[in-house]
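**Student:** how would this look folded up:
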Amino acid sequence: MLITFRQRILLVLIALGVVPTAIVIAGWALTLQAANPGSAGRAAVEQVAASGRLLLETVDTTRLGPDARRALAAHAAELNEALSRSQAAHAYSRYYTGGLTVALLTFGALLLYASVRLGGHLSRQLSRPIDELVGWTGHILRHEPIPDANPRRGAPEFAALRTALREMAVGLEQGRAQEIEAARLRAFQEMARRVAHEMKNPLTPIRFAVAQLQRSAEPSQREALEVLAAESTRLEQLAREFTDLGRLPEGPAALVDLGELLTQLARTVLPPAIETDLAVDPATPCIRGHYDPLRRAFSNILHNAAEASGGGGRLRVAVGPEGEHGVRVQVADHGPGIPPDDRERVFEPYFTTKPSGTGLGLALVRQTVEAHGGRVAVEETPGGGATLVVRLPCD
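**Tutor:** Numbers count the residues shown, from 1 in each chain. The predicted model follows:
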């Protein structure tokens with residue numbers, strides 16, 4: 001049966017606590033045994049006492065003088081005193097050694113208990129966050145969100161690891177979403193190129209045929225020919241949008257002054273009934289990009305804003321720096337606005353809320369902006385309406 005990671009850590013930590021404890025206690029016991037001279041000292045005193053008693057028994061005290069008998073008696077008394085002290089010291093040494101041994105064993109048991117408790121605590125502090133992070137990797141592998149529950153306690157380094165893992169999960173999810181969106185866009189572009197190619201081939205002869213018929217048509221036929229001419233023009237415009245959707249900016253990039261570009265488009269693209277409040281910050285830097293695709297993109301933005309305003313009203317256009325290395329362009333209208341649920345979908349190809357729209361205008365805008373390393377988003381205009389915000393890097 002395999003033991004778990006936590007059990008392995010616990011066994012290692014307990015071993016690290018028990019082995020040094022056992023060595024220290026054994027060393028102390030051997031030291032006490034070697035340093036205890038009680039038994040050897042008591043044996044030596046007893047030998048001296050035995051030899052003294054033998055001496056007293058063999059000496060004839062009747063032949064000794066008074067001084068000799070007093071000296072011999074004093075010697076016997078001292079010998080008996082020394083023997084009693086030796087016996088008392090030996091008894092004390094036994095009790096002392098036994099008490100110290102009990103104290104050492106108690107201390108060792110407490111140290112062992114503390115090592116087990118500390119090992120268990122440290123194993124939990126290490127194993128629980130690791131188990132949690134392993135579970136998180138499973139969620140990431142299955143493309144599932146990481147749980148928002150309170151994380152298990154652990155060392156501060158695990159908190160940093162959790163934060164890094166969450167950021168990595170968010171980055172992977174964003175990368176997957178971007179890759180899916182890029183694949184969808186590539187599919188749309190390929191389809192757009194093919195549709196544009198198939199549409200352009202018959203459109204040119206149709207336009208020529210309609211023009212010839214209009215020159216010799218009867219009055220009753222002119223209305224039908226005008227419809228044919230208008231619809232062929234619309235199909236030609238749709239084919240151009242399909243072509244633009246399938247074509248990325250080509251050629252070398254050059255410096256583009258967005259303030260000058262928006263000023264020119266505001267004069268030439270917008271209908272006369274639209275009032276334009278244009279504000280260009282003189283500190284706005286130029287960007288490096290492709291002029292024609294940018295002109296088409298901002299032209300589509302202004303067209304959409306004018307149509308949202310019903311062909312009249314006021315547009316607010318602001319161009320200024322974005323941080324230290326970027327440009328921000330805002331185009332705000334006071335039309336009906338865009339619902340929050342549709343603010344991302346408006347940039348998808350073929351999504352439109354207008355009866356006569358193709359759904360390609362804002363898709364072309366996003367393609368061009370992202371090809372220049374920028375971002376585009378829709379925000380709400382204060383007072384009602386929609387604001388389209390484009391952010392482009394300077395370098």
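**Student:** And the pLDDT at Asp257?
**Tutor:** Asp257 carries a pLDDT value of 94.
**Student:** Near the closest residue to it other than its chain neighbours, how many other residues are there?
**Tutor:** Leaving aside its sequence neighbours, Asp257 sits nearest to Cys286 (Cβ to Cβ, 6 or more residues apart in numbering; 5.1 Å). For glycine as for every other residue, the C-beta is placed from the backbone atoms N, C-alpha and C. When counting by other Cβ atoms under 10 Å, one arrives at 14 neighbours for Cys286.
**Student:** do Arg193 as well
**Tutor:** Neighbours around Arg193, by other Cβ under 10 Å: 15.
**Student:** do you know how far it is from Ala187?
**Tutor:** Remark: distance between Arg193 and Ala187 (Cβ to Cβ, to the nearest Å) = 11 Å.
**Student:** repeat for Pro205
**Tutor:** 30 Å.
**Student:** I figured the residue nearest to Asp257 was touching Ala254, is that so?
**Tutor:** No. The criterion here is Cβ atoms under 8 Å, and Cys286 misses it with Ala254 at 9.3 Å.
**Student:** tell me which element His75 falls in.
**Tutor:** helix 66-141 (DSSP states H and E).
**Student:** Spatially nearest residue to Gly368, not counting backbone neighbours?
**Tutor:** To be clear, residue 368 is Thr; Gly isn't right here. Ala297 (4.0 Å).
**Student:** burial count for that neighbour?
**Tutor:** 23.
**Student:** got it, and the one 10 residues further on?
**Tutor:** Neighbouring residues of Glu307 were enumerated by other Cβ under 10 Å; the total is 16.
**Student:** so what does the helix or strand encompassing it touch, helix or strand wise?
**Tutor:** Using DSSP H and E, Glu307 sits in helix 291-308. Where contact means 3 or more Cβ pairs under 8 Å, 6 or more residues apart in numbering; DSSP states H and E, helix 291-308 is packed against strand 254-256, helix 258-268, strand 313-321, strand 326-332, helix 361-371, strand 386-393.
**Student:** In the sheet, which residues pair with Val256? Tell me.
**Tutor:** Judged by DSSP bridges, the bridge partners of Val256 are Ile287.
**Student:** Quick check: it touching Asp292?
**Tutor:** No. Applying Cβ under 8 Å as the test, Val256 and Asp292 come out as separate, 10.1 Å apart.
**Student:** Those two: which has the busier surroundings?
**Tutor:** Neighbours were counted for Val256 and for Asp292 using other Cβ under 10 Å; Val256 has more, 19 against 12.
**Student:** give me every residue that touches the more buried one.
**Tutor:** By Cβ atoms under 8 Å, 6 or more residues apart in numbering, Val256 lies in contact with Cys286, Ile287, Arg288, Gly289, His290, Tyr291, Leu294.
**Student:** Against Thr137, how distant is the residue nearest to Val369 when sequence neighbours are not counted?
**Tutor:** Distances taken as Cβ to Cβ, 6+ apart place Val376 nearest to Val369, at 4.6 Å, with adjacent residues excluded. Separation of Val376 from Thr137 (Cβ to Cβ): 34 Å.
**Student:** So between those two, which is more surrounded?
**Tutor:** Taking other Cβ under 10 Å, Val376 and Thr137 do not tie; Val376 has more neighbours (21 against 13).
**Student:** That one bridge partners, please.
**Tutor:** Val390.
**Student:** pLDDT score for it?
**Tutor:** Reported pLDDT for Val376: 93.
**Student:** Please apply the same query to Glu260.
**Tutor:** For Glu260, pLDDT reads 94.
**Student:** How about Leu294?
**Tutor:** 92.
**Student:** What are the neighbouring residues in contact with it?
**Tutor:** Val256, Leu258, Leu261, Thr368, His372.
**Student:** Test my guess that the fourth one contacts Arg295.
**Tutor:** Read it as Thr368. No. Using Cβ under 8 Å, Thr368 is not in contact with Arg295; the gap is 9.6 Å.
**Student:** Between these two, which has more neighbouring residues?
**Tutor:** When Thr368 is set against Arg295 and neighbours are counted by other Cβ under 10 Å, the residue ahead is Thr368, at 26 against 17.
**Student:** Contacts only, for that one.
**Tutor:** Contacts of Thr368 (Cβ under 8 Å, 6+ apart): Pro249, Pro293, Leu294, Arg296, Ala297.
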